[in-house]
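In: I would like the atomic coordinates for the input below:
(chains A and B)
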Amino acid sequence: MNNPKYLQQSVRTFEHSVMKILIIEDEAGLRESIEEYFTDEGNICEIADNYTTALSKISLYRYDCILLDITLPDGNGINILKKLKESNHTDGVLIISARNSLDDRLDGLNLGADDYLVKPFHLSELKARVSAIIRRKSFNGSNLLIFNEITIDLLAKEVKVANVPIKFTRKEYALLLYFIANKGKVVSKNAIAEHLWGDGIDMANNFDFIYSHIKNIRKKLIEAGSADYIQAAYGMGYKFSES
Amino acid sequence: MKLLTRYNQVNIISTTVIFIITGLIYYQTISWILTNQKDKSLAVEEDEIFEYVHLNNKLPHIFQSEDQQITFKEVKNDSVKRQFIDTEYLKKWDNNNFHKHHHKHKNRDEKEPGRELISFIKVGDKLYQIQIIESKVETEDLIRIIFIITFVVTLLLILVLLLTNRLILGRIWRPFYNIVNQIKQFSIAEPKEIQQPDTDIEEFSELGTAVTLMATKAKNDYTNLKTFTENASHELLTPIAVINSKLDTLLQTENFSEVQSKILNDLYGAVSRLNKLNNSLLLLVKIENHLLNKSQRINLKALIEETAIQFEEIIADKALKLNQTLKEKEIVANHYLIEILLNNLFTNAIRHNYKGGEIQITLNAENLIIKNTGIDEPLDDSVFVRFNKSANSEGSGLGLTISRQICENFKFTLNYGFENGFHCFIINF
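Out: Okay, here's the model as predicted:
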């Protein structure tokens, strides 16, 4: 079996890993955006714009994660998922669908997809989900996510800066993970709001809460001795980066 | 007025009128025939008198019988004409007939209707006027009996007519009422079809065919419209997804001016609203099509508490007082839809509240009541109508429509009320 590279190392930290991703999506505009968003960190993105290409790619190469649009012009994406599972490949699969139906979601997950994302979505949300899939798949047993001096125990949901534990609320913790998954990117406030509250809760003052959550995260991190990684970006969103 | 009632009304009136007219004609005819007969009998009597006079050349001896009186009167000139007239017959009571009638008649003499023949005869040189009067009482009795029999028979006829009408027409019209009932229960969104009535009456089977055809057509049109809405919403998802991803990509290109950031922000907001609106429409179509019917047991109390935690910070931010009185309640419904329902009702109660206001949530076995303070006047019932929203609301205008649709889907009712300054949304299970 053609094992992915990361399995050969027992302990790896997330921030150094290079992701190899296959984007199966027939809509050019969307495909290019995803590709661009995922590539510029040294990640490897391959694309397939139809069912046939996708099938040949998955039979030849292994990926950390496959983004699978199930409505393709020349075939049903679900069959690609079935093929993968039949050949016992362990590639992570995230289904992207315009069909927000519970049945599709359950079908997809039952067939072994790792996650299901409904169009339209924010690229930052996609990135966070893909990161989560890869983390779950790669760290067999080790649940540490390390970013410079920040260490996050994903099982215990504990954040430490230089071994000093920091108490985060549920939302602050989720937000920090979201930022780290999208490090170096500007994440819009809309994307953050949808990530934290889902689309069920639609309030105009959500942005105020985002502001106060971020203020709290920064304060707690800095007090624990971490550098200040979060910057506001043009009033549209926030960016988590080293510089 | 029911057709049967109207039919019976017309029937009874016309039957009665015809009966009265027939009765009158009948009466007149019989009366005429019997009078004729009386006249003949009077003429026979006259003949007898003539014969007697002819043979004996003198007037016969007058005797009184029970219903015949004959009198002779000498007259001077020949001004007397022979004629039949109706007259009164003065009944003389003797002991015999007194016995028969004494309980009925106090007077010994009694006037009865009679028929009189006035004639004349010459006996020698003298001219005599003959008056023969016969009582008509028996004739009248006969007529009365005939009349009564006719009347009773006619009444009986009407009665039988009414009864048969009721029975037979009731049965004949049954398919019609069957169709009417089906039309009343007809819902364009339900899969139930209108059944063709089982009848051999052409009009009704034609009506049934027409109604079934119409219903099928209406349903088809409605389904097409729904399919169109669903397809349109689905087709919209991809372009929205592209816009969204392009915006996210654009955001990564550095160095925005303040004006540009403002424009980008507005774009994000608009796309987000467009997306929510589209999702709401899709959701509505799905609920109406019963596509989300996978039900499970839901502990409503736990779910409400969970939802309240979700809204915790928003409630705290608006300094709202949240009162929860929750009893254990389990319902069988689609979890996803009930979540949406609770989210919508919570959002509503918070959004239309004022700072420092109050929210009361009561759950018991019968109902769930969500009350909130807000503007101090009741809302009209159009709150549940699509896209009906207050001018300054940032919602989609579909929240309550969706909520009501969800409730109807699980045979709950969602109603609005206003009491003591509280806007109440009540779900009855």
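In: return the helix or strand in chain A with minimum mean pLDDT.
Out: helix A:102-110 (a mean of 73; mean pLDDT, DSSP states H and E).
In: and the helix or strand following that helix, what's buried?
Out: Following helix A:102-110 in sequence order, the next helix or strand is strand A:115-118 (DSSP states H and E). For strand A:115-118, burial by neighbour count (16 or more other C-beta atoms under 10 Å in any protein chain shown) applies to A:D115, A:Y116, A:L117, A:V118. From N, CA and C alone the C-beta is placed, and that goes for glycine too.
In: which residues does strand A:115-118 contact?
Out: A:94-100, A:104-105, A:108-109, A:125-126, A:129, A:132-133 (C-beta atoms under 8 Å, 6 or more residues apart in numbering or on different chains).
In: circling back: and which of the buried residues of strand A:115-118 is nearest chain B?
Out: Closest approach between the buried residues of strand A:115-118 and chain B, by C-beta to the nearest C-beta: A:V118, at 8.1 Å.
In: tell me what the closest one is bridged to.
Out: Listed beta-bridge partners, A:V118: A:S97 (assigned using DSSP bridges).
In: got it, and B:S119?
Out: Beta-bridge partners of B:S119, as defined by DSSP bridges: B:I130.
In: centroid residue for chain A?
Out: Centrality entry for chain A: nearest residue to the mean C-alpha point is A:A128, 2.4 Å, by C-alpha atoms, centre = their mean.
In: any weak-confidence spans in chain B?
Out: Low-confidence segments of chain B (pLDDT under 70): B:64, B:66, B:78-80, B:92-109, B:293, B:389-396.
In: just the strands in it please.
Out: B:68-75, B:83-91, B:110-123, B:126-135, B:296-299, B:321-326, B:330-333, B:358-363, B:367-373, B:413-419, B:422-428 (DSSP state E).
In: quick one: which of those is nearest B:P197?
Out: strand B:413-419 (32.4 Å; C-beta to C-beta).
In: sheet partners, orientation included, of the closest one?
Out: Partners of strand B:413-419 in its sheet, by DSSP bridges: strand B:422-428 (antiparallel).
In: how about the partner strand: buried residues?
Out: For strand B:422-428, using 16+ other C-beta under 10 Å, the buried residues are B:F422, B:H423, B:C424, B:F425, B:I426, B:I427.
In: most widely separated two among the residues you listed?
Out: For those, the farthest-apart pair by C-beta to C-beta is B:F422 and B:I427; their separation is 15.6 Å.
In: and B:E112, what is it in contact with?
Out: B:E88, B:Y89, B:L90, B:K91, B:S135, B:K136, B:V137.
In: top of the residues you listed by neighbour count?
Out: Ranked by neighbour count (other C-beta atoms under 10 Å in any protein chain shown), the contacts of B:E112 have B:K136 at the top, with 23 neighbours.
In: separation between it and chain A?
Out: Separation of B:K136 from chain A (C-beta to the nearest C-beta, to the nearest Å) stands at 99 Å.
In: what's the answer for B:T150, then?
Out: 80 Å.
In: for burial, what's the neighbour tally of that residue?
Out: By the criterion of other C-beta under 10 Å, B:T150 has 16 neighbours.
In: what's the answer for the one 3 residues further on, then?
Out: Residue neighbour count, defined by other C-beta under 10 Å, stands at 11 for B:V153.
In: outline the domain layout of chain B.
Out: Domains of chain B are assigned by automatic domain parsing as B:3-169, B:202-288, B:296-428.
In: and the shortest one, how far out from the chain's middle?
Out: Think domain B:202-288. Using C-alpha atoms, centre = their mean, to the nearest Å, the mean C-alpha position of domain B:202-288 is found 43 Å from that of the whole chain.
In: is that domain anywhere near chain A?
Out: Yes. Residues of domain B:202-288 are located near chain A by C-beta under 8 Å from any C-beta of the partner chain, namely B:234, B:237-238, B:240-249, B:251-252, B:256, B:258, B:260-262, B:264-265, B:268-269, B:271-272, B:275-276, B:279, B:282, B:286.
In: would you mind listing the buried residues in the top helix by length along chain A?
Out: Longest helix in chain A, counting residues (DSSP state H): helix A:206-223. Going by neighbour count (16+ other C-beta under 10 Å), the buried part of helix A:206-223 is A:N206, A:F209, A:I210, A:H213, A:I214, A:I217, A:R218, A:K220, A:L221.
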